[in-house]
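Visitor: A structural model of the following input is requested.
(2 chains)
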Amino acid sequence: MNIPTTRRRVLQGLAASSAAGVVAAPWVGAFAADTLVVNAYGGEFQEVFQKTTIEPFEKKFGVKVTYDLAGMSTETYAKIRATRGSPGFDVAAELSEPEILLGAKEQLLEPLTEKEVPNLKYVWPRSRLIPAVAAIHYYQFITLIWNKDKIAKPESWLDYWHPEKKYGEKIKGFVINFNPANTLSIFSMMLGAKAAGGSIERMDIAFDLLRHQKPYVGTVVTASAQAAPYFENGQVWIAPYWSARANWYMAHGYPIDMTVPKEGTIGLSAGAAVPVGAANKKLAFEFINFRLDPEIQRAFSLGYHCSPGRPDIGDWPKEYVEKQITTQEQMDRMTFVDPELLAKKRREWTMQWQEIMGG
Amino acid sequence: MSTVLLDRPRRVPAISSTVLLAGPPAVFLLVCFVLPTMYLLSASFLQSESGVITGGFTLNNFETLLKRSLYQALILRTFVIGVSVAALVVLLAYPLAYFLVRTSSRWKGALIALSLSPLLASVIVRTYGWYVIFNREGAINQFALNLGLIDRPLQLIPSTPAIIVGLAHALLPYGVLSIMSSLNGLNPNLERAALSLGATRWRAFWTVTLPMTLPGVVGGFLLAFTLATSAYATPAILGGPATETIATMIRTFMTALLDWGLGSALGVMLLVSSVILLTAAAALGGSRTRV
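Guide: Modelled structure (predicted):
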């Protein structure tokens, strides 16, 4: 059946479609001026972040913040890359250094200077070493956590990599391992290599440790948050974990404790950035700057049990200072891994990990 | 008297109904599926360095995947899961579909709705249900421990059988729907004719009913196969590093490692091998029904 179509009908159809578009278009940008979309972690992080940072920001600036839940920082960056810098949020609040590096190389993150974010002048000197497309808001470090009802305190990173030596066969199935997509995996392997007589560069030793540990592993996850239920229900007894989250879980009744083994730790920073296609860049810069205000830094650092993003905040509680990085001397003693090295080697390390754990 | 020919109104050439009906969906598919997929898959042929695509044609991504035994096993595992799930779906769906079509119960409509109701629940919710059943503290282990059948919990997950069970459960309604449509199109008098000519019920089913409903069986098999090979949630929840599938590995490459070259290459391999297998299966199913 052929439906005759006249020029008039075609033009009427086009006019109707255009009118609909013209009416709809203003709504697309209507909320941009007084709404900020912030992409950040959920769960316990969101609880703290909302109370210590988001709500005070909304009150001070008279705006609305929409919380966009993030998975891992790599997933956030994947969204930024997939949309060529227009992921639908204005602030990527939780990026780690490898993603910040990628964002600078791929020019998908806005440059941040003291002009856009005046509080950048107060950050740690180390924070200025990263590409100038993000502001580091806090630090934490890798620790070993253990279930204090089931096993004794680990003293060495080798107590995690050779768990049967300290805990016997009862530990079989109660060890967790992380996919190298999570920096926890890589850092714990580096520290294992160091503990085994090598150094953090000796990943060949680290992979030997992984082969040895494999029969004792009962749980493998990728995101840090995925591990939490296993700590809570006692299915994991020993794990490498981030200091901030570990402290938070301990403070909220999980049956775990936390230690930095004798071989030391590796630090991790968390930075915020603005994608190049963000709808509300001006407000995004204000948010990043606000997050570096001393009162906000204090409230967030105490709430999330992490180390602050600036060294000039004093009067911390005694027990906080003992566990966190608050002085330049403590920062100088902290080891950090070159993000270029992580970016370059991650594919190869992940494949080796997959071959061992998947074999 | 001269005849004046009046100008007829100018008309745009008539548009066929086929174009009008198929055109908009085709354009939608082209813009929202084909073009983005082609763009994404093009990354499989581009060089990358430290996660950044640097440009330049290369087959290195495919070489990396095809040379390593880990990924060969992954591809094989994915298709074994696909075939296993499809076979299980068809085996379980056929008797159920047969009953639903042939029953004369006044609850027929309700029974059909009930058998398809799992589609209402999210596949993630259903898969976590299996997780609760299979895990170390789950129902199966608790039952076996209480009966004294085992003295230590079994590690039922992560495992490939668990993935197969989870996927078969999730995809069963699709098999039922496909086979039901074939059975509904079959004249029951053909079965009665076979029985009246002395065939047993089993012989009537095997020589009359089953061959005539083969298109539905093949359709259900192919549908379950394609959905199973591309499934992500169930393998992610019930699987682990030793039971990765192509879909879970693509996700690892794309969003965890940000290695889009490898992720895209794996996507190309899934697409191409699925098309080849589906074409072969459809051809086989088609030739068998041409009696």
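
Visitor: For residue B:274, pull up the helix or strand it's in.
Guide: helix B:260-289 (DSSP states H and E).

Visitor: So which other helices or strands are in contact with that helix?
Guide: helix B:35-42, strand B:46-49, helix B:60-67, helix B:69-102, helix B:214-229, helix B:246-251 (3 or more C-beta pairs under 8 Å, 6 or more residues apart in numbering or on different chains; DSSP states H and E). The way it works is simple: take the backbone N, C-alpha and C, and place the C-beta from them, glycine included.

Visitor: okay if I get these as TSV plus mean neighbour count, distance to chain A and mean pLDDT?
Guide: Formatted as TSV, the helices and strands packed on helix B:260-289 follow (neighbours: other C-beta atoms under 10 Å in any protein chain shown; distance: least, C-beta to the nearest C-beta, whole Å; pLDDT from 0 to 100):
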stretch	mean neighbour count	distance to chain A	mean pLDDT
helix B:35-42	12	9	83
strand B:46-49	16	8	80
helix B:60-67	16	8	91
helix B:69-102	19	5	94
helix B:214-229	22	18	93
helix B:246-251	23	8	94
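
Visitor: closest to residue A:305 out of the ones you listed?
Guide: Set against residue A:305 and scored by C-beta to C-beta, those come closest in helix B:246-251, at 30.8 Å.

Visitor: Of all the helices and strands packed on helix B:260-289, which one comes closest to residue A:252?
Guide: Closest among the helices and strands packed on helix B:260-289, using C-beta to C-beta: helix B:246-251, at 30.4 Å.

Visitor: Only C-alpha atoms, please: export the closest one in PDB.
Guide: The C-alpha trace of helix B:246-251 is given here as PDB (Å, rounded to 0.1, in the frame of the first residue of the first chain):
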ATOM      1  CA  ILE B 246      34.000 -12.900  27.600                       C
ATOM      2  CA  ALA B 247      31.500 -10.400  29.000                       C
ATOM      3  CA  THR B 248      33.000 -10.200  32.500                       C
ATOM      4  CA  MET B 249      36.500  -9.900  30.900                       C
ATOM      5  CA  ILE B 250      35.300  -7.100  28.600                       C
ATOM      6  CA  ARG B 251      34.100  -5.200  31.600                       C
END
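
Visitor: Which secondary structure elements does that helix sit against?
Guide: So helix B:246-251, by 3+ C-beta pairs under 8 Å, 6+ apart, packs with helix B:69-102, helix B:233-238, helix B:260-289.

Visitor: Mind doing that once more with 10 Å?
Guide: With contacts taken as 3 or more C-beta pairs under 10 Å, 6 or more residues apart in numbering or on different chains; DSSP states H and E, helix B:246-251 sits against helix B:69-102, helix B:214-229, helix B:233-238, helix B:260-289.

Visitor: Of the ones you listed, which is nearest residue A:255?
Guide: helix B:233-238 (25.0 Å).

Visitor: Select, out of the helices and strands packed on helix B:260-289, the one closest to residue A:269.
Guide: Short answer: strand B:46-49, nearest of the helices and strands packed on helix B:260-289 by C-beta to C-beta, at 23.7 Å.

Visitor: Return the alpha-carbon coordinates of the very next helix or strand once past the closest one using PDB.
Guide: Next in sequence after strand B:46-49, counting helices and strands by DSSP H and E, comes strand B:52-57. Extracted in PDB, the C-alpha atoms of strand B:52-57 (Å, rounded to 0.1, in the frame of the first residue of the first chain):
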ATOM      1  CA  VAL B  52      45.900   5.700  26.200                       C
ATOM      2  CA  ILE B  53      44.900   5.000  22.600                       C
ATOM      3  CA  THR B  54      47.700   6.500  20.600                       C
ATOM      4  CA  GLY B  55      46.400   5.700  17.100                       C
ATOM      5  CA  GLY B  56      48.000   3.600  14.300                       C
ATOM      6  CA  PHE B  57      46.600   0.400  13.000                       C
END
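
Visitor: Buried residues in strand B:52-57, which are they?
Guide: B:52, B:53 (16 or more other C-beta atoms under 10 Å in any protein chain shown).

Visitor: chain center to it, what's the gap?
Guide: Its chain's C-alpha centre and that of strand B:52-57 lie 33 Å apart, by C-alpha atoms, centre = their mean, to the nearest Å.

Visitor: Over to stretch B:73-82?
Guide: 14 Å.

Visitor: Now for residue 134, how many residues are close by?
Guide: No chain in the question, so chain A it is. 29 (other C-beta atoms under 10 Å in any protein chain shown).

Visitor: Please refer instead to chain B.
Guide: By other C-beta under 10 Å, neighbour count at residue B:134 equals 22.

Visitor: Residue B:144 is in contact with that one, correct?
Guide: No - contact criterion C-beta atoms under 10 Å: residue B:134 and residue B:144 do not qualify, at 12.0 Å.

Visitor: Quickly list what's touching both of the two.
Guide: residue B:154 (C-beta atoms under 10 Å, 6 or more residues apart in numbering or on different chains).

Visitor: May I have the secondary structure class of the residue nearest to residue A:283 when sequence neighbours are not counted?
Guide: Leaving out its chain neighbours, the residue that sits closest to residue A:283 by C-beta to C-beta, 6 or more residues apart in numbering or on different chains is residue A:36, at 4.8 Å. The assignment at residue A:36 comes out as strand when based on DSSP: H, G, I helix; E, B strand; the rest coil.
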